[in-house]
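Student: Below is the sequence, then the predicted model.
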Amino acid sequence: MNKIFLNLLLVSTGSFIAAIGFNTMFLENNITSGGMVGLSVSFHALWGWNPSTFLLLINIPLLILCLLFLGKENFAKTLYGSWIYPICIKLTSGLPTITENPLLAAVFGGVIVGIGLGLVFWGNSSTGGTGIITQILHKYTPLSLALAMTLIDGFSVAMGFTVFDADTVMYSIIALTIISYTVYIMEVGVSSARNMMIVSPKYREIQDYISSQLDRGVSAIPITGGYTGKEQVMLMTTISSREVFRFEKSIQEIDPTAFIIITPATHVIGRGFSLTKHYQIADEDLILPM
């Protein structure tokens, strides 16, 4: 019950935030940021249609398609979000437009709407609309989810060419990009960690440095050189981004010829990151203390 309440709270809060961004940034600046919401901006400019009414009505056939093609579970997850978002747009329709600069509207509106949609996704729901069509295309065609979403949202943005000038449509593309990136950041988090892989004949000295000086855990992985066929050891560790410079400099002092690979660690869970460090090995602990 607590989980359901939390999800409803996230969806409601996210919808309200996204609606604020839509009404104060997008609507009067003609930013068609993809999806049915983007179409509602075009139809508002063409015929004066109320965006919230349009979204409520268009979601009825889309929800029927969701039930028929995606099943009851997806229908249940989408139902509340597809209803509450248009309601929030209606409730916030009286808010003033914050800026008349379309670039500022695209950038800041994209962040606000992206945060709102990210909260909706955290609540295990969606705002319906073209997201339903995207899921159907992904399920019943060879199209990937990303490609299906790009095609559907791209069509919505392209509709802006029939109503607005090219500059306005390009601002809409900026807004769509920022929304997508903001939602992505909220899903995976802003990575501040780096995964390090080191190949060096002085791996023992480097391993000691990582353990004692950096105070990080390290794994020694046996590898075979593809060209020489020689058995070697590759060290792997994960450190925070602020430690990278010191790490590189110290490793090169130990072995100037060390082969080092540094990659972003999108999501890190474990001691030293999401858990507090401790230095006692538990009987059934698969992770060495850091």
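Tutor: Sure, I can see it.

Student: got the contact list for residue 77?
Tutor: 124, 125, 126 (CB atoms under 8 Å, 6 or more residues apart in numbering). Glycine gets a C-beta too; all of them are placed from N, C-alpha and C.

Student: Mind pulling the model confidence for it?
Tutor: Here, the pLDDT recorded for residue 77 equals 83.

Student: In what element of secondary structure is it found?
Tutor: For residue 77, the host element (DSSP states H and E) is helix 51-91.

Student: could you point out which element follows that helix?
Tutor: helix 102-122.

Student: quick one, longest strand in the protein?
Tutor: strand 231-240 (DSSP state E).

Student: can I get the CA coordinates of that strand in PDB?
Tutor: Provided in PDB are the C-alpha atoms of strand 231-240 (Å, rounded to 0.1, in the frame of the first residue of the first chain):
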ATOM      1  CA  GLU A 231      49.800 -14.400 -19.600                       C
ATOM      2  CA  GLN A 232      49.300 -11.100 -17.800                       C
ATOM      3  CA  VAL A 233      47.200  -9.500 -15.000                       C
ATOM      4  CA  MET A 234      44.700  -6.700 -15.500                       C
ATOM      5  CA  LEU A 235      43.700  -4.700 -12.500                       C
ATOM      6  CA  MET A 236      40.200  -3.300 -12.300                       C
ATOM      7  CA  THR A 237      38.900  -0.700  -9.800                       C
ATOM      8  CA  THR A 238      36.300   2.000  -9.500                       C
ATOM      9  CA  ILE A 239      37.100   5.500  -8.200                       C
ATOM     10  CA  SER A 240      35.400   8.800  -7.900                       C
END
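
Student: Tell me where the model's unsure across this structure.
Tutor: 1, 145-146, 188-192, 266-290 (pLDDT under 70).

Student: Okay, domains of the protein per the record?
Tutor: 2-188, 193-265 (automatic domain parsing).

Student: hey, which of those is tucked in deepest?
Tutor: With neighbours defined as mean count of other CB atoms under 10 Å, these peak in mean count at domain 2-188, which reaches a mean of 19.

Student: picking that back up, report the angle between the helix holding residue 77 and helix 102-122.
Tutor: Angle of helix 51-91 versus helix 102-122, following axes from the mean of the first three to the mean of the last three CA atoms, to 10 degrees, is 80 degrees.

Student: Tell me the gap between helix 51-91 and the middle of its chain.
Tutor: Mean-position distance between helix 51-91 and its chain equals 22 Å (CA atoms, centre = their mean, to the nearest Å).

Student: would residue 11 count as being in a helix?
Tutor: Yes: looking at residue 11 with DSSP: H, G, I helix; E, B strand; the rest coil, it is inside a helix.

Student: Residue 263: what secondary structure?
Tutor: Quick answer, by three-state DSSP: residue 263 is strand.

Student: Contact partners for the nearest residue to it once chain neighbours are set aside?
Tutor: Spatially, and ignoring its direct neighbours in sequence, residue 263 is nearest to residue 195 (4.9 Å; CB to CB, 6 or more residues apart in numbering). With contact set as CB under 8 Å, 6+ apart, residue 195 has these partners: 236, 237, 238, 262, 263, 264, 265.

Student: Also residue 180?
Tutor: Counted by CB under 8 Å, 6+ apart, residue 180 has contacts residue 114.

Student: quick one on the thing from earlier: now do the longest strand of the chain: everything it contacts.
Tutor: By CB under 8 Å, 6+ apart, strand 231-240 touches 192-201, 203, 206-207, 210, 214, 216-225, 247, 265, 268, 273.

Student: Perfect, that will be all.
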